[in-house]
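In: Based on what follows, work out the 3D shape:
(one chain, ligands or ions: 1)
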Amino acid sequence: MTKTIDPCTLVLFGASGNLSRVKLMPGLFRLDAAGRLPEKMAILSVGRSEVSNEDWQKDIKSMLDAKFKKGYDQNVFNRFIARNHYHANPPSDPNAFNRLKATLGNENTFPQNLAYFLSVRPVDFAPVVSQLASVGLLNEEKYWRRVVIEKPFGTDLPSAQELQASITKHLKESQIYRIDHYLGKSALQNIMLQRFANTILEPIWNKDYIDHVQITNTELLGVGERTQFYDSTGALRDMIQSHILQTLALTAMEQPKDLSPDAIRAEKIKVLEAIRPIPVNEIEKHAFRAQYAAGTINGEKVPGYLEELGNPDSVVETYAALKLFIDNSRWEGVPFYIRTAKRLHEADTRISVRFKKSPLQLGKDGTEQNWLMLGIQPRECIKMEIQSKIPGLDIATRTIQMDAANRHEEDETIDAYEALLLNLMEGDNSLYLHINEVEAQWRLVDPVVKTWAEDRKPIHQYPSGSCDPKESKIIFEKDDQFWRSSIELGGDKSQ
Ligand code: BG6
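Out: Model (predicted):
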């Protein structure tokens with residue numbers, strides 16, 4: 001269903017940064033090409049340096065050329081470029097926000113519904129909001145005013161609460177759009193739809209049938225050029241605190257009363273708040289961390305994390321796994337094992353649900369169980385493994401895999417940011433985080449982050465390109481539980 005979008009201006013702070021160049025500008029261009037931007041919609045890029053409109057438009061062309069190697073429609077390009085303007089807000093200028101107000105005051109060029117996208121350093125979120133407010137640019141008397149805050153929203157619970165307190169001096173909750181780009185992925189939205197738009201999954205989606213759930217995100221990539229950022233963040237905060245806990249929330253939540261933003265967020269909040277806190281004196285049974293060492297990825301030798309960082313003493317994790325329990329009647333006693341890693345043997349984001357053993361065990365080692373897997377990336381799919389008779393004279397079973405692609409060749413590929421930008425302009429915040437979600441997520445990870453930061457002993461290493469470190473098995477509840485190493489048939493064999 002296409003929703004109408006009011007004429008509006010998107011004000012892009014940090015417009016010359018990487019996110020804007022690689023995701024936001026190309027995303028907006030594609031929305032324009034798809035006819036999803038209102039005719040009266042302008043984009044005002046705000047940066048620190050003085051750049052003429054002309055040069056900025058040339059720079060946009062270079063961003064699009066880099067992204068769309070096969071070229072693009074010239075008419076769309078001309079329309080898109082005409083929407084784009086530049087405004088310099090040098091940090092040294094005390095009058096910067098008054099000048100911004102004067103620029104935006106040109107109503108012929110800039111529709112007065114304003115969405116601000118803060119793609120700036122996290123320390124600048126609160127000051128930018130307060131300066132926008134001081135010149136009246138957040139005032140909603142006649143027009144809507146919305147602010148997107150990029151991740152991370154705080155670095156722990158107290159800092160998230162502090163940021164919240166400072167921005168809510170100037171903004172209502174309905175004006176704040178806290179981003180987690182995972183929610184913009186179609187495959188993530190599909191978790192909820194596949195669960196609730198089918199009658200076959202819900203009846204078995206609970207402790208009576210499910211042995212445990214695994215939520216996995218592994219990457220082949222290392223930390224790349226982000227060593228400094230990464231070393232002050234770590235895998236737990238970088239991936240688990242939001243992306244993976246959001247995936248878990250969609251996997252475990254109750255059915256919302258309808259698909260309105262408030263109803264969906266209310267259920268996600270409930271389930272996140274029902275996750276049992278990890279006991280501080282039992283962290284080693286619930287949480288595991290490790291770092292990638294040198295190894296081989298796609299046939300190429302790659303250095304280890306500590307070498308890349310140039311600091312042999314870092315205990316910051318590039319692999320993090322947690323065991324969580326949800327204290328509600330649906331999930332009582334069912335472990336949720338969640339993990340994320342850089343430089344593992346494959347790039348794979350998926351949800352794997354292992355069902356309980358059937359009373360009839362005919363397989364060779366009696367461990368065959370049913371798995372249902374939802375592939376998020378690289379392949380969007382749903383796979384189910386069931387036991388089936390091996391044709392022949394004997395009664396014996398083997399595992400077969402049913403595999404359905406969720407994405408057909410002719411389907412649109414939409415980047416997560418495109419969906420989120422569109423929702424922002426539509427005023428639909430269901431794919432953005434409510435503060436209660438952010439707080440519940442920090443509450444959960446903070447004790448582990450703190451314990452890990454204080455424990456300076458060298459941490460486990462795994463060779464780049466390997467499977468999960470063996471020592472990570474410490475978090476499993478039962479001996480017959482293990483990491484599902486791949487979504488493919490055979491990935492259920494313990495490593
Ligand atoms: C980002 C993290 O939020 O998500 C990165 O900071 C990570 O470390 C990235 O690589 C993964 O996103 P995606 O969409 O490529 O799975």
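In: confidence score at Pro359?
Out: Here the pLDDT value assigned to Pro359 is 82.
In: thought Ile215 was touching His243?
Out: No - using Cβ atoms under 8 Å, Ile215 makes no contact with His243, being 9.8 Å away. Every C-beta, even on glycine, is put in place using the N, C-alpha and C of the backbone.
In: neighbour count winner among these two?
Out: The residue with more neighbours, out of Ile215 and His243, is Ile215; 27 against 21, by other Cβ atoms under 10 Å.
In: How is that one classified with respect to secondary structure?
Out: strand (DSSP: H, G, I helix; E, B strand; the rest coil).
In: Helix, strand, or coil at the residue of the chain most remote from its centre?
Out: Residue farthest from the centre of the chain, counting by Cα atoms, centre = their mean, is Leu393 at 50.1 Å. Secondary structure, three-state DSSP: Leu393 is coil.
In: before we move on, what about Ser130?
Out: Quick answer, by three-state DSSP: Ser130 is helix.
In: Glu385 now?
Out: Looking at Glu385 with three-state DSSP, the answer is strand.
In: So Tyr462 is in contact with Tyr292, correct?
Out: Yes - the pair Tyr462 / Tyr292 is scored as a contact, 5.9 Å apart, by Cβ under 8 Å.
In: Identify the contacts common to the two.
Out: Common neighbours of Tyr462 and Tyr292 (criterion: Cβ atoms under 8 Å, 6 or more residues apart in numbering): 319, 341.
In: Give me the more crowded residue out of those two.
Out: Neighbours per residue (other Cβ under 10 Å) separate Tyr462 from Tyr292, with Tyr292 holding more: 28 against 24.
In: and that one, what pLDDT?
Out: For Tyr292, the model assigns a pLDDT of 98.
In: excluding its backbone neighbours, what's nearest it?
Out: Arg343 (4.1 Å; Cβ to Cβ, 6 or more residues apart in numbering).
In: ok, now which ones touch the one you found?
Out: Contacts of Arg343 were listed using Cβ under 8 Å, 6+ apart, and they are 219-222, 292, 295, 297, 302, 318, 464-465.
In: so can I have TSV of these showing distance to Thr199 and secondary structure?
Out: What follows is these, written out as TSV (distance: Cβ to Cβ, whole Å; DSSP: H, G, I helix; E, B strand; the rest coil):
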residue	distance to Thr199	secondary structure
Glu219	35	coil
Leu220	38	coil
Leu221	39	coil
Gly222	44	coil
Tyr292	43	strand
Gly295	46	strand
Ile297	43	strand
Val302	47	strand
Thr318	41	coil
Ser464	44	coil
Gly465	42	coil
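In: Kindly reformat those residues as a markdown table containing distance to Glu439.
Out: Shown next, in a markdown table, are the contacts of Arg343 (distance: Cβ to Cβ, whole Å):
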| residue | distance to Glu439 |
| --- | --- |
| Glu219 | 27 |
| Leu220 | 33 |
| Leu221 | 30 |
| Gly222 | 31 |
| Tyr292 | 31 |
| Gly295 | 38 |
| Ile297 | 37 |
| Val302 | 37 |
| Thr318 | 26 |
| Ser464 | 35 |
| Gly465 | 37 |
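In: Show the buried residues in those.
Out: Buried members of the contacts of Arg343, scored by 16 or more other Cβ atoms under 10 Å, are 219-220, 222, 292, 295, 297, 302, 318, 464-465.
In: Is it correct that Pro203 falls within a strand?
Out: No - according to three-state DSSP, the state of Pro203 is helix, so it is not within a strand.
In: quick one: pLDDT of it?
Out: For Pro203, the pLDDT comes out at 95.
In: got the residue ranges for the helices in the stretch 151-300 of the chain?
Out: Shown for the stretch 151-300 of the chain, the helices assigned by DSSP state H, counting those that start in this stretch span residues 157-167, 186-196, 227-231, 234-235, 245-252, 261-273, 283-286.
In: Thank you, goodbye.
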